[in-house]
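Trainee: how does the following fold in three dimensions:
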Amino acid sequence: MDLVYNLLDVVLPVGWLQFDFMKNAFLAILLITPLFGLLSTMVVSNRMAFFSDSLGHGAFTGLAIGAVAGIVSPEDSLVLFSIIFALLITWIKNHSSISTDTVIGVFSSTGIAVGLMMMSYGGGFNKFTGYLIGDVLSITFDEITALFMVLVLVIALWSLIFNRLLIMSVNVPFARSRGMNIMLLESVFAIAVAVVVAISIQWVGLLIINSLLVLPGATARNVSNSIKQYHAVSVGSAMVSGITGLVLAYHLNMAVGATVVVISAVIFFITLLLKPRFVR
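Mentor: Predicted structure coming up:
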């Protein structure tokens with residue numbers, strides 16, 4: 001830990017990194033934003049913005065179950081329930097005649113309502129309000145290590161299934177004709193998004209976490225002409241937004257997560273105006 005901190009002091013000798021909590025937040029941003037940038041490309045391409053938003057609501061219910069039942073820690077319950085929630089939505093979407101947006105809407109509204117109901121039982125809701133806003137400044141070095149492991153696993157998964165996900169996003173019937181298991185692919189991707197949402201929600205916040213899963217990919221779509229460029233711009237814009245938002249939030253004493261989202265939105269609108277110059 002001290003080695004990493006000393007390295008940051010040498011590489012980035014800036015005033016706002018003099019505190020350990022800012023070093024932790026900076027390292028977390030360097031790990032969280034590439035995750036969101038990477039997953040955002042497929043969230044946008046597969047029109048899953050509504051789905052990713054519902055996962056945040058499901059994660060809140062998982063947190064409530066862990067806190068009330070006490071069988072496992074709230075954080076573990078959050079991750080486990082998010083995975084179950086994502087798989088259940090995926091299964092019903094593929095085995096029901098109900099429209100996708102209706103299925104997701106039902107799960108999303110039910111998830112947040114059940115979570116709020118359980119959290120408010122006995123007046124214990126206040127201690128969990130931080131999950132609504134998030135606080136990356138409270139992250140510990142052990143949690144940063146866990147984030148690093150998740151980033152490595154997601155990159156490894158991406159290298160294995162990206163081509164199939166890309167084909168599926170372009171043409172589902174063609175993907176099926178190539179022997180691809182659509183249900184399995186959707187489930188694996190849903191689990192990846194669910195895990196990232198679940199582990200990030202306490203630092204990003206339920207109210208804005210979906211924005212970080214949509215804006216980087218949407219920004220990249222505005223100015224990209226190839227798949228490589230699409231991914232590079234998505235990850236790059238997410239990281240620029242994260243670092244800029246952290247610095248601004250520190251100097252202006254504002255919520256980090258919200259500031260990051262605003263910066264990301266500004267970048268999106270700038271690229272939207274520049275879109276005719278980039279996309280041919």
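
Trainee: what's in contact with stretch 148-155?
Mentor: Stretch 148-155 is contacted by residues 31, 34-35, 38-39, 192, 195-196, 199 when judged by C-beta atoms under 8 Å, 6 or more residues apart in numbering. C-beta here means a position set from N, CA and C on the backbone, and glycine is covered the same way.

Trainee: so of those, which ones are in helices?
Mentor: By the criterion of DSSP state H, membership of the contacts of stretch 148-155 in helices covers 31, 34-35, 38-39, 192, 195-196, 199.

Trainee: closest to His251 out of the residues you listed?
Mentor: Nearest to His251, judged by C-beta to C-beta, of the ones in helices among the contacts of stretch 148-155 is Leu31 at 22.5 Å.

Trainee: OK, contacts around the closest one?
Mentor: With C-beta under 8 Å, 6+ apart, Leu31 has these contacts: 144, 147-148, 151.

Trainee: how about the nearest residue to it, chain neighbours excluded?
Mentor: Leu147 (4.3 Å; C-beta to C-beta, 6 or more residues apart in numbering).

Trainee: and for Ile133?
Mentor: Counting by C-beta to C-beta, 6+ apart, the residue nearest Ile133 is Gly205, at 4.5 Å.

Trainee: touching, that neighbour and Tyr131? I think so.
Mentor: Yes. If you go by C-beta atoms under 8 Å, Gly205 and Tyr131 touch, sitting 7.1 Å apart.

Trainee: okay if I get the contacts of stretch 148-155 as CSV plus pLDDT?
Mentor: Below are these laid out as CSV (pLDDT from 0 to 100):
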residue, pLDDT
Leu31, 90
Pro34, 91
Leu35, 90
Leu38, 90
Leu39, 89
Ala192, 88
Val195, 86
Val196, 87
Ile199, 83
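
Trainee: related to what we said a few turns ago, which residues are in contact with each of Gly205 and Tyr131?
Mentor: Common neighbours of Gly205 and Tyr131, counting by C-beta under 8 Å, 6+ apart, are absent.

Trainee: follow-up on the earlier one: give me the subset of the contacts of Leu31 lying in strands.
Mentor: Applying DSSP state E to those, no entry is found in strands.

Trainee: report the buried members of the residues you listed.
Mentor: Using 16 or more other C-beta atoms under 10 Å as the burial test, the contacts of Leu31 include 144, 147, 151 as buried.

Trainee: I'd like the next helix or strand past the one helix or strand Trp158 maps to.
Mentor: Assessed by DSSP states H and E, Trp158 sits inside helix 141-170. Scanning forward in sequence from helix 141-170 by DSSP H and E, the next helix or strand is helix 172-177.

Trainee: by contact count, what packs against that following helix?
Mentor: Secondary-structure packing of helix 172-177 (3 or more C-beta pairs under 8 Å, 6 or more residues apart in numbering; DSSP states H and E): helix 141-170, helix 182-204.

Trainee: report the buried residues of that helix.
Mentor: By neighbour count with 16+ other C-beta under 10 Å, helix 172-177 contains the buried residues Ala175.

Trainee: now do stretch 230-242
Mentor: Residues 230-231, 233-242 are the ones in stretch 230-242 that count as buried (16+ other C-beta under 10 Å).

Trainee: now swap in stretch 141-157 and tell me
Mentor: Within stretch 141-157, the residues scored as buried using 16+ other C-beta under 10 Å are 143-144, 147, 150-151, 154.

Trainee: output the below-cut-off pLDDT ranges for the stretch 51-200 of the chain.
Mentor: Residues of the stretch 51-200 of the chain meeting the criterion pLDDT under 70: 67-74, 121-130.

Trainee: repeat that for 90
Mentor: The model of the stretch 51-200 of the chain has pLDDT under 90 over residues 51-148, 150-151, 154-155, 157-200.

Trainee: for Ile112, which non-adjacent residue is closest in space?
Mentor: Using C-beta to C-beta, 6+ apart and skipping the chain neighbours, the partner closest in space to Ile112 is His57 (4.0 Å).
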